[in-house]
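Chemist: Prediction below, plus the sequence it came from.
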Amino acid sequence: MATTVTFNDLTHTATEIKAPMYPEEPGRSYPSIVGRTQGGGLKTADLGGGSAYENPVLHFRDVSNTHYTNFKTFVESHIAWSARSFTYTDPNAVAHTNMHYLSGLEDARSKKGERWDFNIRLAKDMSA
């Protein structure tokens, strides 16, 4: 298992930061859509086999100021907050494509020794 994770929008140099502390919250759910018919019944559309890493919450602790600044620049400038998708490569070297940043940096807390703690919420674009 790697000690770092990467965020890459395929246009800029990949941003690497210290791996999130476990347990992370993968936000797994079966990829399906449920809708109502005119008569009030339910219809389910299956979007694929297995569960998807869909709405993860990543818990970063004791991140260096350099890594935090690089990640903040990546979110603000490279992916324009949630406007553009990116690939998140987790500590197990699994690449999660079509991810979007949702929130978390606004609650980042600085610590003694120029270190940072923060949680971020991501969402997978299931339509891509």
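Modeler: On my side now, so go ahead.

Chemist: CA atoms for contacts and neighbours, from now on please.
Modeler: Fine.

Chemist: Confirm for me that Thr4 is in contact with Thr89.
Modeler: No: at 9.0 Å, Thr4 does not count as touching Thr89 under the criterion of CA atoms under 8 Å.

Chemist: Tell me where this protein has helices.
Modeler: Along the chain, the segments classed as helices by DSSP state H run 65-73.

Chemist: Return the helix or strand in it with minimum mean pLDDT.
Modeler: Here the helix or strand of the chain ranked lowest by mean pLDDT, DSSP states H and E is strand 28-29, holding a mean of 59.

Chemist: okay, Thr4 and Thr89: which has more neighbours?
Modeler: Neighbour count, other CA atoms under 10 Å: between Thr4 and Thr89, Thr89 has more, with 18 against 15.

Chemist: what about the strands in this structure?
Modeler: For the chain, the strands defined by DSSP state E occupy 4-8, 15-18, 21-25, 28-29, 32-36, 42-46, 52-53, 57-64, 86-89, 95-103, 109-111, 115-124.

Chemist: In TSV, list these along with distance to Thr73.
Modeler: Shown next, in TSV, are the strands of the chain (distance: least, CA to CA, whole Å):
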stretch	distance to Thr73
strand 4-8	12
strand 15-18	9
strand 21-25	21
strand 28-29	28
strand 32-36	34
strand 42-46	37
strand 52-53	24
strand 57-64	14
strand 86-89	14
strand 95-103	13
strand 109-111	16
strand 115-124	15
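
Chemist: Compare the ones you listed and say which comes out lowest on pLDDT.
Modeler: Among the strands of the chain, strand 28-29 has the lowest mean pLDDT, at a mean of 59.

Chemist: Pull the number of nearby residues for Glu114.
Modeler: By other CA under 10 Å, neighbour count at Glu114 equals 12.

Chemist: Give me the distance between it and Ser103.
Modeler: 22 Å (CA to CA, to the nearest Å).

Chemist: again with Glu76
Modeler: 12 Å.

Chemist: cool, Trp81 as well?
Modeler: 8 Å.

Chemist: cool, Thr37 as well?
Modeler: Relative to Ser103, Thr37 is positioned 34 Å away (criterion: CA to CA).
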